[in-house]
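# 3D model of this:
(2 chains)
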Amino acid sequence: EPEVTQTPSHQVTQMGQEVILRCVPISNHLYFYWYRQILGQKVEFLVSFYNNEISEKSEIFDDQFSVERPDGSNFTLKIRSTKLEDSAMYFCASSGLVSTDTQYFGPGTRLTVL
Amino acid sequence: AQKVTQAQTEISVVEKEDVTLDCVYETRDTTYYLFWYKQPPSGELVFLIRRNSFDEQNEISGRYSWNFQKSTSSFNFTITASQVVDSAVYFCALSASNSGGSNYKLTFGKGTLLTVNP
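You can find the predicted model right below:
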């Protein structure tokens, strides 16, 4: 069964460093998302991406964040200068041919900022 | 704006008990979609079920059943004869178009931690 994959599973970085989180969505999906879950809290929407552009972003997704689909398979989230409060689990999700399709999530990347 | 409320923060049951997880949602959209996701201790988010706002038919799938009541804006989830492997955080989520837009981001509740004890 096709699944969303994410790498790395755990990333530790120093405050102020840049990190890139990688995702490979399900191959025939067209809609891509990043969500964040701070430890013990609910899952929060960050950004959605369709047709090579951002379709919506939350107020969390400020200028320090960017997304990219550099080739036909990868979908990346970059944080330019990490802060302590960026420590969280980051989930990538993808959905199919229409925007209302079910979103399937990857296993997540746990980001720890020291 | 969308909102999902899961009033139960934690539930603890003994194996083989039935348990119902509550979810109440708010949206102004007439077309919307409701979901339940399971997050086991390993951390991934596993899709369980989806319901469209125009389909109020309730569903049973094995030990799982769902009760969608539009009149009370609720989408409750019941596990029958619970098992230790059901222990997880369960999230209810809502997807709507933000009044005519094309983006269907998910709005999650805070989750209910279910612990099934042997």
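# which residues of chain B lie near chain A?
B:33, B:35, B:37, B:42-47, B:50, B:91, B:93, B:95, B:101-111 (CB under 8 Å from any CB of the partner chain). In this view, the C-beta of every residue, glycine as well, is placed from N, C-alpha and C.
# wait, isn't residue A:64 in contact with residue A:46?
No - if you go by CB atoms under 8 Å, residue A:64 and residue A:46 don't touch, sitting 11.5 Å apart.
# among the residues of chain B next to chain A, which are in helices?
When DSSP state H is applied, the residues of chain B next to chain A are split such that none fall in helices.
# of those residues, buried ones?
B:33, B:35, B:37, B:44-45, B:50, B:91, B:93, B:95, B:103-111 (16 or more other CB atoms under 10 Å in any protein chain shown).
# sketch out the low-pLDDT regions of chain B for me.
B:98-103 (pLDDT under 70).
# so who does the closest residue to residue A:5 other than its chain neighbours touch?
Distance criterion CB to CB, 6 or more residues apart in numbering or on different chains; nearest residue to residue A:5, sequence neighbours excluded, is residue A:24 at 4.7 Å. Contacts for residue A:24 were tallied using CB atoms under 8 Å, 6 or more residues apart in numbering or on different chains; they are A:4, A:5, A:6, A:73, A:74, A:75.
# include distance to residue A:55 when you put these into JSON lines, please.
Below are the contacts of residue A:24 laid out as JSON lines (distance: CB to CB, whole Å):
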{"residue": "A:4", "distance to residue A:55": "18"}
{"residue": "A:5", "distance to residue A:55": "22"}
{"residue": "A:6", "distance to residue A:55": "21"}
{"residue": "A:73", "distance to residue A:55": "20"}
{"residue": "A:74", "distance to residue A:55": "18"}
{"residue": "A:75", "distance to residue A:55": "13"}
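# most widely separated two among those residues?
A:6 and A:73 (12.8 Å; CB to CB).
# more neighbours: the two, which one.
For residue A:6 and residue A:73, the more surrounded residue by other CB atoms under 10 Å in any protein chain shown is residue A:6, and the numbers stand at 21 against 11.
# now do the helix or strand harbouring the more buried one, average pLDDT.
Assigned by DSSP states H and E, residue A:6 falls within strand A:5-7. The average pLDDT within strand A:5-7 is 96.
# which residues does it contact?
With contacts defined as CB under 8 Å, 6+ apart, strand A:5-7 is touched by A:21, A:22, A:23, A:24, A:90, A:91, A:92, A:106, A:107, A:108, A:109.
# next one: stretch B:55-73
Residues contacting stretch B:55-73 (CB under 8 Å, 6+ apart): B:24-26, B:34, B:36, B:48-49, B:51, B:53, B:74-83.
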